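K.L.:
Have a look at this prediction, sequence included:
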Amino acid sequence: MTTNIYENEGRLVAALIGDLDTAACAQAERDLAPLFERDDCDIVVDCAELDYISSSGLRILLNIYKHVRKNGHRAFLRQPADDVEEVLRIGGFLQLFEKEE
């Protein structure tokens, strides 16, 4: 699992690459910590290269969503693959996050 964080057009983008499974979650939480240091912008979670997400990974997404909403901003998901999108749909995350194409 690799994460890349960058700013684009006033939004923070967190690109998730690989499998966000239980084994990868501890490192992913450390890598995503800079997202929680900012409270002044929307966050986009780029799922274009995310191959798998477990319930532990969903917990990380929920924490991102709560942080963004607490600060009055919006949370987006970008390009989840069909399998990942199905997990997000079943978990109700497509109702929380706005989908960005």
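P.N.:
Yep, it's here.

K.L.:
Do you have the strands of the protein handy? List them.
P.N.:
Assigned strands in the chain, in chain order: 2-8, 11-20, 43-53, 75-78, 98-100 (criterion: DSSP state E).

K.L.:
Which neighbours in the sheet does the second one have, and how are they oriented?
P.N.:
Put plainly, it is strand 11-20. Strand pairing for strand 11-20, determined by DSSP bridges: strand 2-8 (antiparallel), strand 43-53 (parallel).

K.L.:
got the buried residues for the last one?
P.N.:
If I follow you right, that is strand 43-53. By neighbour count on 16 or more other Cβ atoms under 10 Å, the buried set for strand 43-53 is 43-47, 50, 53. Quick note: C-beta positions are derived from backbone N, CA and C, even for glycine.

K.L.:
Now render the strands paired with strand 11-20 as TSV, adding distance to Phe93.
P.N.:
Converted to TSV, the strands paired with strand 11-20 look like this (distance: least, Cβ to Cβ, whole Å):
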stretch	distance to Phe93
strand 2-8	18
strand 43-53	9
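
K.L.:
what would those look like in a markdown table with mean pLDDT and distance to Glu85?
P.N.:
Conversion of the strands paired with strand 11-20 to a markdown table gives the following (pLDDT from 0 to 100; distance: least, Cβ to Cβ, whole Å):
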| stretch | mean pLDDT | distance to Glu85 |
| --- | --- | --- |
| strand 2-8 | 96 | 19 |
| strand 43-53 | 97 | 8 |
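
K.L.:
Figure out which of the strands of the chain is closest to Asp31.
P.N.:
Across the strands of the chain, Asp31 has its closest neighbour in strand 2-8 (4.1 Å, Cβ to Cβ).

K.L.:
I'd like the strands of the chain written out as TSV, with distance to Gly92 added.
P.N.:
Shown next, in TSV, are those (distance: least, Cβ to Cβ, whole Å):
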stretch	distance to Gly92
strand 2-8	23
strand 11-20	17
strand 43-53	14
strand 75-78	13
strand 98-100	13
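
K.L.:
Right, I'll leave it there.
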